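A.B. asks: Requesting a structural model of the entry that follows:
(chains A, B and C)
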Amino acid sequence: MRPIVSTGTEPPAAHPRPARGGVRAPTRAAIAAGHLRTDRWWVPPATTAAGLFAFVVYSTWRAFADADYYAAPYVSPFYSPCLAQRCRPMHAGPNWDLFGGWWGISPAIIILVFPLGFRLTCYYYRKAYYRAFWAAPPACAVAEPHRTYTGEARFPLVLQNLHRYFFYAALLVAGVLTYDTVLAFRDPRYHWGHMGLGTVVFLVNIVLIWAYTLSCHSCRHIVGGRLKHFSQHPVRYRMWQFIGRLNARHMQLAWASLASVALADLYVYLLASGVFDDPRFF
Amino acid sequence: MTVVDRQEWDVVVVGAGGAGLRAAIEARERGARTAVICKSLFGKAHTVMAEGGIAAAMGNVNAGDNWQVHFRDTMRGGKFLNQWRMAELHAKEAPDRVWELETWGALFDRTADGRISQRNFGGHEYPRLAHVGDRTGLELIRTLQQKIVALQQEDHRETGDYEARLKVFQECTVTRVLKDGARVSGVFAYARETGRFFVLQAPAVVLATGGIGKSFKVTSNSWEYTGDGHALALLAGAPLVNMEFVQFHPTGMVWPPSVKGILVTESVRGDGGVLRNSDGRRFMFDYVPDVFKDKYAETEDEADRWYDDPDHNRRPPELLPRDEVARAINTEVKEGRGSPHGGVFLDVSTRMPAEVIRRRLPSMYHQFKELADVDITAEPMEVGPTCHYVMGGVAVDSDTAAARGVPGLYAAGEVAGGMHGSNRLGGNSLSDLLVFGRRAGWHAAAYAAGLAERPVVADEQVDTAAAEALRPFSAESGEPDSGPPENPYTLHQELQQTMNDLVGIIRREEEMREALRRLARLRVRARRAGVEGHRQFNPGWHLALDLRNMLLVSECVARSALERTESRGGHTREDHPAMDRAWRRVRLLCTLTDPTGGLAATDPVRGQITLSRETADPVRPDLLALFEKEELVKYLAEEELYG
Amino acid sequence: MSGYEARFQVWRGDREGGGLEDFTVEVNDGEVVLDVIHRLQATQVPDLAVRWNCKAGKCGSCSAEINGRPRLMCMTRMSVFARDETVTVTPLRAFPVVRDLVTDVGFNYTKARQVPAFVPPPGLGPGEYRMFQQDVDRPQEFRKCIECFLCQDTCHVVRDHEENKTVFAGPRFLMRIAELDMHPLDAAAETGLDRKRTAQDEHGLGYCNITKCCTEVCPEGIRITDNALIPLKERAVDRKYDPLVWLGSKIRRRSS
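C.D. replies: Numbers count the residues shown, from 1 in each chain, chains lettered A, B, ... in the order given. Now for the predicted structure:
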């Protein structure tokens, strides 16, 4: 529709402004600032970055330490299952010598790949580290510093789609950690029917690990989300609803289980390195 | 001479709410190249505000329901003033219109056996309203919008152009329906974004512009409701009918001022909410009219038992028809028993546990929480009447939705009059949009296809329309009688105040005469409404142009209301408080006084509108037979009963 | 509480340029930002362009950015700001500006057209549809969308990268695909349309890095990321990244 009344009421003709990107693109409202947020929008990403960084430092130290990870009857979750010959003997497991003697570094590395991969591809952690470490975006409606962006459409980030396979692996690991928790109902001489403070630490940890693992978006999809007709699958519908309620707290569970797994390891470390003895209840 | 872009279409639909979109779909499916023009963005129409549901006698919840019962309820609701053929078509066709929405992707709430769930509503004998929570209107508009897109995708596959046969001109305003002799030849419009004018040449134009609520200060209507279609029809030479009937919904928010008028859904009362005055009294017990005495509870105990046992107790008086409740609230406030902000108290907090309130009335809970900072689970709401709907509108042929006297002009939805008589039942509005939107689109397409020769748009008409639209930019250079330019916002506020105070819910002869005098003065001042800036997205200019329509429509309401010396449905005369059977067959028609379609007639006494009376067609005997004689006696004059 | 004079900064201008202009304007008890914008229009700048309709948070017209955050002006109460705070109102910054607070949201309508419509099931006439509440619950949540386009505005994929607009449908329309894919009677698959696959291949689902800004900004409280985008990603994984499914389709193709 072009034209044309010459009344002096016509809108002015447009002059192109210099080309820049994103919110400063020439067609957008001319505002120089990348954002106009007045709240402390940088607090959440900064907190996330600090929390994740702290965990990475701690877990790297512990994973490569190759020491102080067993204090009967407790095994650190970082080293469970322990799959190399060099593993410390643990009565009734979870050490199975699948890798043999050639594995020369900490056996934690073998198994940590799986929970690490699970968390790295987790939909919540992705949000957290994209925001905190990649600044893509740093916060909502705050301009990001990158010139181009393809998200998870290309290699390597397209591999994030493998999340569900890490979920399957995480189920196995959670199974082993459950086994460890059962073993924690022994005393240091492997007699059954005892509890110490460590048992409680392990119990809390395994509950959080399961809650986090099951609240996973992939899990929600697999148990029922992929269905078109819930009405024809009442049991899976119930499961989907249950997982959905857990899933709504996925973020909280992600942090809680991250903290609890580190605490469980720290507890074992403190016992194994002789800082204190496990208070026994019975 | 003005050079204006012109396009050729078969059918032009003005308005993209429920009726407009349904008309466009129908016209396009019947082969007409169809253009839709709407003032807002596509999908934002006022239809989204509808909460309750779509009334359609599908009988999914109560198998006893059928079109005859629905017809009966509609006629009773309208106090027998309805154009009965419309009410008949509406009741018969509504179920098909709802079912067809499902084939376009609509997702209504379901019954246990998988059918469309239906809910109870005021005035409907059976559960009848197909609904989606309390956002039925949104579902309706979205479904129609997506059906339009589906048709465009079809056209794209065939022609490579999405808009080959169906195009939406969003954010454009029509200021004139153009004519070639007696016949419609197109519309003159401007694009709000650029301010540029354009003409759509088309032999058939469907008006689907909704209502007139923005002429009133307290209204549940959006800014678009400036009576555009009513005014366009008048200016094109078509009459309006029943304009005195304006529905005031009893419960609108009254505080804070910024949200005054926003609707509080009827479901609040249906679910147990009670109305109290500042003395804490449930005053509705004092306002049950004699005709309803045997149907409503006399004590609070009985009323409270009704919610659990409706078969053995009478309904609480809070559930009287909308007009009765609105009048009662009005009286309480006037007599000094109102709430601090000039309403009354609507309380659910003492009636239901907080958790139940949040579950049953989620959007009300949020509306009050977010807009008024009121927690309705802990304290009462303050409510008062709000202008909600106009029953009157373009006088149309019942079957074809064709406007009278102007070949090629059609009207559907709220802009069309007659269907609802003197008072509309909740839920009948959305079904009205669908039934008559479809009929308007169908007959407009058939009319356009049947023409041997297309009407032409004369250049002079375009020039006149352009000059009229540009007038606000040169307001100060005006005429000999002119004063300083007027601020359109100020004029609008004064108009709203006038209509609200003087032609509002309770009407008196002297007040309406005063209203007409004030309207005349406003009309003169409105000719000097001036605007600043240029034509690109200039709301001051848009409002200045809309003022013409609001003034025309307001005058229609005031004149008709002054003429009808009885009280019926949405028209209450303090000086004539009773319903009069002699008035039932009288239809008041408004036409433009100046037959050339100009607006020179600013003479305060004569005004722009001429009123005339006509006698309604007698109701077809087989339809009358659906009622008991004792009931008909209340409404019909002797000669109609035995004639 | 009574009225006070508030300081406002409102962006005024058009495609050519513009900037924030300062205003002092009266604010009364209980008002929202849109009321103040209307007062500016009525008393100081009659040609201030702003889009709005219902003023009750139901139509999604009055989207803008208030103090840098995408919001509906009609649902932002003045009481959330300190009295001495300057309230900054700008148009949506992901879309081309038209004038003042009005932007060209045509991008969204273009994207809406690119999503194939609901495909009615063959053999079922009007009135014969049977669907169950637990099956329609999911798509009904997405149909609460009022198309305010705040999610499209806040999404950094297009907000910060104009070039992605051609390949990325944005949260609102990816959610529309999810809605149709979860519709209990949508028969797209029977016509050979795989919504799960095309979500990834044609509508740019892979560009979404689930940073949840769309969910944060949604005035309807729709859990766009958790309930629409991630489930859609999982459905795309079913189609494209599941080795068993991939192997199965290879074998089937070979044998046929």
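A.B. asks: Ramachandran angles for the closest residue to chain A within the stretch 351-500 of chain B?
C.D. replies: Distance from chain A to each residue of the stretch 351-500 of chain B (CB to the nearest CB) is smallest for B:F473, at 5.1 Å. All C-beta spots, glycine's among them, are computed from the backbone N, C-alpha and C. Recorded main-chain torsions at B:F473 are phi -80, psi -20, according to degrees, to the nearest 10.
A.B. asks: Over to B:A27?
C.D. replies: phi -60, psi -40.
A.B. asks: before we move on, the earlier item: so the residue of the stretch 351-500 of chain B closest to chain A makes contact with B:G533?
C.D. replies: No. Here B:F473 does not reach B:G533: they are 9.1 Å apart, not a contact under CB atoms under 8 Å.
A.B. asks: Common neighbours of these two, please.
C.D. replies: Taking CB atoms under 8 Å, 6 or more residues apart in numbering or on different chains as the contact rule, the neighbours common to B:F473 and B:G533 are B:W541.
A.B. asks: related to what we said a few turns ago, neighbours around the residue of the stretch 351-500 of chain B closest to chain A, how many?
C.D. replies: Residues within reach of B:F473, counting by other CB atoms under 10 Å in any protein chain shown, total 21.
A.B. asks: State the distance from it to B:V187.
C.D. replies: As defined by CB to CB, to the nearest Å, B:F473 lies at a distance of 22 Å from B:V187.
A.B. asks: low-scoring stretches of the stretch 1-150 of chain C, by residue?
C.D. replies: Applying pLDDT under 70 to the stretch 1-150 of chain C flags the ranges C:1.
A.B. asks: let's see 80
C.D. replies: Applying pLDDT under 80 to the stretch 1-150 of chain C flags residues C:1-2.
A.B. asks: tell me the domain ranges of chain C?
C.D. replies: Following automatic domain parsing, one gets these domains for chain C: C:4-103, C:106-255.
A.B. asks: is the first one up against chain B anywhere?
C.D. replies: Yes. Using CB under 8 Å from any CB of the partner chain, domain C:4-103 comes into contact with chain B via C:14, C:28-32, C:34-35, C:41-43, C:46-61, C:75, C:77, C:79, C:98-100, C:102.
A.B. asks: same thing with the last one?
C.D. replies: Yes. With CB under 8 Å from any CB as the measure, domain C:106-255 is seen reaching chain B through C:109, C:112-113, C:116-118, C:120, C:124-127, C:129-133, C:136, C:139-140, C:143-147, C:180, C:183, C:186.
A.B. asks: dump the residue contacts of B:P340.
C.D. replies: B:P340 touches B:255, B:382, counting by CB under 8 Å, 6+ apart.
A.B. asks: That one is in what secondary structure piece?
C.D. replies: B:P340 is located outside every helix and strand, with elements delineated by DSSP states H and E.
A.B. asks: and what of the one 5 residues further on?
C.D. replies: Using DSSP H and E, B:F345 maps to strand B:344-347.
A.B. asks: what packs against that strand?
C.D. replies: Counting contacts by 3 or more CB pairs under 8 Å, 6 or more residues apart in numbering or on different chains; DSSP states H and E, the secondary-structure elements packed against strand B:344-347 are strand B:274-276, helix B:322-334, strand B:381-390.
A.B. asks: Deepest in the core, which of the ones you listed is it.
C.D. replies: strand B:381-390 (a mean of 27; mean count of other CB atoms under 10 Å in any protein chain shown).
A.B. asks: If you average the pLDDT over it, what comes out?
C.D. replies: The predicted model assigns strand B:381-390 a mean pLDDT of 94.
A.B. asks: could you give the angle of that strand to helix B:322-334?
C.D. replies: Strand B:381-390 and helix B:322-334 are oriented at 130 degrees to each other (axes from the mean of the first three to the mean of the last three CA atoms, to 10 degrees).
A.B. asks: ok, whichever residue of the stretch 51-200 of chain A sits closest to chain B - contacts?
C.D. replies: Distances from the stretch 51-200 of chain A to chain B, computed as CB to the nearest CB, single out A:C140 as the nearest residue at 20.1 Å. By CB under 8 Å, 6+ apart, the residues touching A:C140 are A:41, C:69-70, C:154, C:211, C:213, C:216-217.
A.B. asks: Now tabulate those in a markdown table and tack on secondary structure.
C.D. replies: Formatted as a markdown table, the contacts of A:C140 follow (DSSP: H, G, I helix; E, B strand; the rest coil):
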| residue | secondary structure |
| --- | --- |
| A:W41 | coil |
| C:R69 | strand |
| C:P70 | strand |
| C:T154 | helix |
| C:T211 | coil |
| C:C213 | helix |
| C:E216 | helix |
| C:V217 | helix |
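A.B. asks: The closest residue to chain A within the stretch 151-256 of chain C - nearest residue in space that isn't next to it in sequence?
C.D. replies: Per CB to the nearest CB, C:G206 is where the stretch 151-256 of chain C lies closest to chain A, at 3.2 Å. For C:G206, the nearest residue in space outside its immediate sequence neighbours is A:A153; the separation is 3.2 Å by CB to CB, 6 or more residues apart in numbering or on different chains.
A.B. asks: residues in contact with the one you found?
C.D. replies: By CB under 8 Å, 6+ apart, the neighbours of A:A153 are C:204, C:206-207.
A.B. asks: Okay, buried residues for stretch A:179-191 please.
C.D. replies: A:179-181, A:183-187 (16 or more other CB atoms under 10 Å in any protein chain shown).
A.B. asks: List of residues touching it?
C.D. replies: The set of residues that contact stretch A:179-191 without belonging to it, under CB under 8 Å, 6+ apart, is A:71-75, A:77, A:80, A:91-94, A:192-196, A:198-199, A:202-203, A:205-206, A:278, A:280.
A.B. asks: Show me which positions of stretch B:626-638 end up buried.
C.D. replies: Of the residues in stretch B:626-638, those buried by neighbour count under the rule 16+ other CB under 10 Å are B:627, B:635-636.
A.B. asks: next one: stretch C:197-206
C.D. replies: Of the residues in stretch C:197-206, those buried by neighbour count under the rule 16+ other CB under 10 Å are C:198-200, C:203-206.
A.B. asks: do stretch B:450-463 as well
C.D. replies: B:454-455, B:457, B:461-462.
A.B. asks: circling back: quick check, pLDDT for the residue of the stretch 51-200 of chain A closest to chain B.
C.D. replies: Reading off the per-residue confidence, A:C140 sits at a pLDDT of 96.
A.B. asks: go on, B:P480?
C.D. replies: B:P480 carries a pLDDT score of 50 in this model.
A.B. asks: Okay, helices next: where are they in the stretch 351-500 of chain B?
C.D. replies: Secondary structure of the stretch 351-500 of chain B (DSSP state H, counting those that start in this stretch): helices at B:354-360, B:362-367, B:428-450, B:459-470, B:488-502.
A.B. asks: ranking those helices by burial, who's on top?
C.D. replies: Highest mean neighbour count of the helices of the stretch 351-500 of chain B: helix B:428-450, a mean of 26 (counted as mean count of other CB under 10 Å).
A.B. asks: Please write out the alpha-carbon positions of the strand holding B:F345 in PDB.
C.D. replies: These are the backbone C-alpha positions of strand B:344-347, laid out as PDB (Å, rounded to 0.1, in the frame of the first residue of the first chain):
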ATOM      1  CA  VAL B 344     -21.300  -3.400  47.400                       C
ATOM      2  CA  PHE B 345     -19.500  -6.400  48.800                       C
ATOM      3  CA  LEU B 346     -19.400  -9.700  47.000                       C
ATOM      4  CA  ASP B 347     -18.100 -12.300  49.400                       C
END
